[in-house]
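Q: Here is my input; please provide its structure:
(one chain, ligands or ions: 1)
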Amino acid sequence: MRVVIIGAGVTGLAVAWKLSKDHEVVLLERNSSIGGIAGSFQHQGFTLDLGPHKIYSLIPGILDEMRALLGTEAIAIPKTSGVIVAGKRLDYPIKFFDLLLKLKPLTSLKLGIGYGAALGLSFFRRKRIVSYADYFRANFGMPAYDLVFKPLAMKSWGDPESLTAELARKRSPYSGVFKMVKSMLFKDRKLSAENFYYPKHGFIGMSKIMLNHVLSSGSNILFNADVKKFGTKDGRIASVEFKHGGHMKKIDADYVVSSVPVTALPSMFNAPPEIMTAASELKFRSLLLVYVLVNRSQVMQDVWTFVPDKSFIFQRISEQKNFSKELGPENQTVLVAEVMCAYNDSLWNASDEELYRMVIPDLISAGFVKSGEAAGFYVARLKNIYPVYELGYRERLDAVLNFTDQFENFITIGRLGLFNYNNTDHCIDMAIWAAQHIRERKPVKDWIQTRKRFDDYVIVD
Ligand SMILES: Cc1cc2nc3c(=O)[nH]c(=O)nc-3n(C[C@H](O)[C@H](O)[C@H](O)COP(=O)(O)OP(=O)(O)OC[C@H]3O[C@@H](n4cnc5c(N)ncnc54)[C@H](O)[C@@H]3O)c2cc1C
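A: Residues are numbered from 1 along each chain as shown. Predicted structure coming up:
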């Protein structure tokens, strides 16, 4: 059986790795390199990831699978993430006691009263939790919502009233202070993981190892192959058409696995207008990564620190060398400022120089660097990489998936392929399920059932 896999990000590579042992696999990748969003590149003596990436998983068996894949390439890094709230650095995920004890007494008092009020209210009035705003207000109280959760959402996603509670659950595995405290006392892995893992020569290392397995099984990858269209016949995909070297080419397929954004699929299938419309109404956010070279060997203790305060342009700062000392020279370091935006908005269209000039004063006023320490910059732009879980998105997504599910030899998976805000451990999990489904030649209805488990993925910071 020939399986054509579209996209050589972590998901596509993982399916290829799992299937190439007993099937002919052809990987088609639009770019000239592997790794997709989880890729790395070289700049001025540094290996830089496309935003900070750590390896961890709550899915049974997946962390072991990833560590075994990496072998000696895997290093353990202590979990040190922070968040700046009211000018103070607290641990992240936020511990409620930190909010109470590390902030100014008046702020702590407000947070305590707010939480008490939310708890008291919950005994009398069971409000339906629909939006992101409902979730955090009901579980943590209004002051905590206003101080932390609302500004973080506004910067990253948009108005929290228009976002689903599902997104809130993905980002905050603890529905309230009680559960948070209980998990701290009983060392729940969601909060008390002491180490994360990382491929010591850059995150792309994981993708490189998977590709090596694929190639050594005799399967193949074609770079700069931009898939445009499917040839369909009798409810199946018969061929995949792609642009390569300026020409349209075609390859026959027995099975097709796609990790391209789900929104791009209707036009590849030449779907009816209502499916095209549903897809066009699914929104993504984009990311600007401003890498700042600093003349110092190390700046932060954290691997990353969230900065929800709306007066700062970035929502998170990370330091690449805190993941692995092998990633750059000893006497310099690189800070990575993440700025989320909409594709084509004023931030997206700002020049690299303008973005750098916006980031530097904020890095100084937040206390990360001193004036004159920055020694250069680089900007990377990642278009449409965060699926936005707006109210009503599920119906639109289902409309598109119901359409693509008509093709019995087709699976769409991955972060963008399933509009699933996820991490690489989830990509590997999805890939393992997909490979098993294909190998056992199961019917589409089984895949629809399997896919439901992907909705429960939680992001662990
Ligand atoms: C800032 C940031 C931080 C993150 N941090 C972490 C973390 O700490 N830990 C973690 O595990 N995960 C993290 N993630 C998530 C992780 O990056 C993603 O879950 C993962 O990379 C998604 O992989 P994918 O293969 O599903 O998608 P992608 O990486 O998007 O891969 C899809 C591939 O398909 C190709 N493609 C698209 N269209 C076509 C076409 N028409 N024809 C051919 N090829 C095409 C693309 O070029 C791409 O290579 C983070 C993500 C971001 C943005």
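Q: What parts of the stretch 101-250 of the chain come near the ligand?
A: Ala225, Asp226, Val227 (Cβ under 6 Å from any ligand atom). C-beta here means a position set from N, CA and C on the backbone, and glycine is covered the same way.
Q: Generate the ChimeraX command that creates a selection of the buried members of those residues.
A: This is the ChimeraX syntax for the buried subset of those, where burial follows 16 or more other Cβ atoms under 10 Å:
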select :225,227
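Q: just the residues of the stretch 101-250 of the chain next to the ligand now: which is nearest the ligand?
A: The ligand lies nearest to Val227 out of those, by Cβ to the nearest ligand atom, at 3.6 Å.
Q: For that closest one, which three-state class applies?
A: Under DSSP: H, G, I helix; E, B strand; the rest coil, Val227 falls in the strand class.
Q: How about it: what's its closest non-neighbour residue?
A: Of all residues not flanking Val227 in the chain, Phe242 sits nearest, at 4.4 Å (Cβ to Cβ, 6 or more residues apart in numbering).
Q: Can you verify that neighbour is assigned to a helix?
A: No - assessed with three-state DSSP, Phe242 is strand; it does not lie in a helix.
Q: didn't it look like it was pressed against Gly231?
A: No - taking Cβ atoms under 8 Å as the definition, Phe242 is not a contact partner of Gly231, at 11.5 Å.
Q: okay, and the common contacts of those two?
A: Here Phe242 and Gly231 share the contacting residues Lys250, scored by Cβ atoms under 8 Å, 6 or more residues apart in numbering.
Q: With neighbour numbers in mind, choose between the two.
A: For Phe242 versus Gly231, neighbours defined as other Cβ atoms under 10 Å are more numerous around Phe242 (20 against 14).
Q: list the contacts for that one?
A: Leu28, Ala225, Asp226, Val227, Lys228, Met248, Lys249, Lys250, Ile251.
Q: By mean pLDDT, which helix or strand of the protein comes out lowest?
A: Least confident helix or strand, the chain: helix 189-192 with a mean of 50, by mean pLDDT, DSSP states H and E.
Q: what is the mean pLDDT for stretch 361-378?
A: For stretch 361-378, mean pLDDT is 95.
Q: Quick check: buried residues in that stretch?
A: Asp362, Leu363, Ala366, Phe368, Val369, Glu373, Ala374, Phe377, Tyr378.
Q: Gln298 is in contact with the fourth one, correct?
A: Meaning Phe368. No - taking contacts as Cβ under 8 Å, Phe368 lies outside contact range of Gln298: 11.6 Å.
Q: The residue in the stretch 251-400 of the chain that the ligand sits nearest to - how many residues pack around it?
A: Using Cβ to the nearest ligand atom, Val260 is the residue of the stretch 251-400 of the chain that sits closest to the ligand, at 3.6 Å. Summarising burial for Val260: neighbours were counted as other Cβ under 10 Å, giving 20.
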